[in-house]
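Chemist: Sequence first, then the predicted structure, then my questions.
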Amino acid sequence: MSRKEITVEEAARRLHDFDVVDVREPDEFHGPLGHIAGARLVPFGEFDVRDSVSGSDRPLLIACRSGRRSGILCDRLLEQGFSDAINLTGGMIAWNDAALPVEGNSQKASA
């Protein structure tokens with residue numbers, strides 16, 4: 001079984017279907033790229049499969065800066081028998097490039 005992936009456009013349309021987990025570091029989460037509204041911050045190095053998936057009744061949408069770290073975690077979840085995790089292709093870079101809404105981007109210059 002291979003990793004599930006979703007484009008930022010499809011993820012934005014279906015956001016209500018997911019529990020969003022952002023695996024970046026806190027400074028990235030609150031940095032210029034911001035984060036998806038309602039996302040739960042669980043940094044990559046602190047990610048524990050059991051803690052992160054327990055209590056979730058919806059698929060996990062895993063996000064990071066570019067899709068690399070989130071992809072690694074989706075693979076790890078799959079290896080441990082949790083198939084309900086979806087990697088956000090292109091991560092928050094692609095999300096911002098698509099001009100989708102973000103929160104917490106306090107460092108972004110205002111126009």
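Modeler: Good, I have the coordinates.
Chemist: And Glu25, how far from Ser83?
Modeler: 27 Å (CB to CB, to the nearest Å). Glycine gets a C-beta too; all of them are placed from N, C-alpha and C.
Chemist: more neighbours, these two?
Modeler: The residue with more neighbours, out of Glu25 and Ser83, is Glu25; 17 against 13, by other CB atoms under 10 Å.
Chemist: Identify the residue nearest the more buried one in space, chain neighbours excluded?
Modeler: Among residues not flanking Glu25 along the chain, Pro43 sits closest, at 5.4 Å (CB to CB, 6 or more residues apart in numbering).
Chemist: how about the helices in this structure?
Modeler: 8-13, 26-29, 49-53, 68-79, 91-97 (DSSP state H).
Chemist: Pull the distance from the longest one to the chain's centre.
Modeler: When distances are taken as CA atoms, centre = their mean, to the nearest Å, helix 68-79 is centred 11 Å away from the chain's centroid.
Chemist: Sweet, I'm off.
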